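In: model the structure of this input:
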Amino acid sequence: MKANNFIKKYLLLLARNRDPKAFAQIYDLYVDQIYRFIYFKIYEKDEAQDLTSEVFLKAWQYISEGNVVENLNALFYQIARNLVIDYYREKKNREMLVENEADFESIEAVDDSQLTKIELKIEADKVVDQLINLKDEYKEVVILRYVENFSVKEIAEIVGKKKGNVRIILFRALSALKDLMGEKNE
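Out: The predicted structure follows:
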């Protein structure tokens, strides 16, 4: 993990000096997770791709201007988060549906049997279906924690809140998700 952080800092240093190859490597490290984050927030494939591109354009501009960046994760997710907020402001439509659930086929199964894989996919689909019913704040922390695997500290940096507040939001989000799942299963 430390080697990975060292590589990211080294690439960031090169990118700050306007090295496009270094930024291309940073892009390769982050593009999938930023796209996934945005997709889970807006559920539109084409729009998520466009916003992902915009995230990296804004990040390149920010970094190449020589601005100090302590945490690349926080930078990319803050930009992505702000772009999603802008997207919803422009659309003024917060009731967006999942268009393509086929992207969730890559769920790893605990057991190699096909039945176990199918059961896991069905359960994951149920959770994803309920994510759109959560408040935006709840949905965001759940995605960052359980899809992107960020620590509470990293999430706090991204959303601009204290770690204790993030823990409370995460607890409430999971409780709300559990309630929604209970309602669907009855």
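
In: name the next helix or strand downstream of the worst-scoring helix or strand of the chain on mean pLDDT, please.
Out: Scoring the helices and strands of the chain by mean pLDDT, DSSP states H and E places helix 114-131 at the bottom, with a mean of 61. The first helix or strand that comes after helix 114-131 along the chain, using DSSP states H and E, is helix 136-142.

In: skip the chain neighbours and tell me the closest residue to residue 177.
Out: Of all residues beyond its chain neighbours, the one nearest residue 177 is residue 130 (5.9 Å), with distances taken as CB to CB, 6 or more residues apart in numbering. The way it works is simple: take the backbone N, C-alpha and C, and place the C-beta from them, glycine included.

In: residues contacting the most centrally placed residue in the chain?
Out: Within the chain, the residue whose C-alpha comes closest to the C-alpha centroid is residue 37; the distance, by CA atoms, centre = their mean, is 2.4 Å. Under the criterion of CB atoms under 8 Å, 6 or more residues apart in numbering, the neighbours of residue 37 are 77, 80, 143, 144, 147, 148.

In: isn't the first one up against residue 143?
Out: No: the pair residue 77 and residue 143 fails to qualify as a contact (CB atoms under 8 Å) at a distance of 10.2 Å.

In: which of those two has more neighbours?
Out: Using other CB atoms under 10 Å as the criterion, residue 77 and residue 143 rank with residue 77 on top: 26 against 21.

In: what's the helix or strand for the more buried one?
Out: helix 72-91.

In: gap between that helix and the chain center?
Out: A distance of 10 Å separates the centroid of the chain from that of helix 72-91, by CA atoms, centre = their mean, to the nearest Å.
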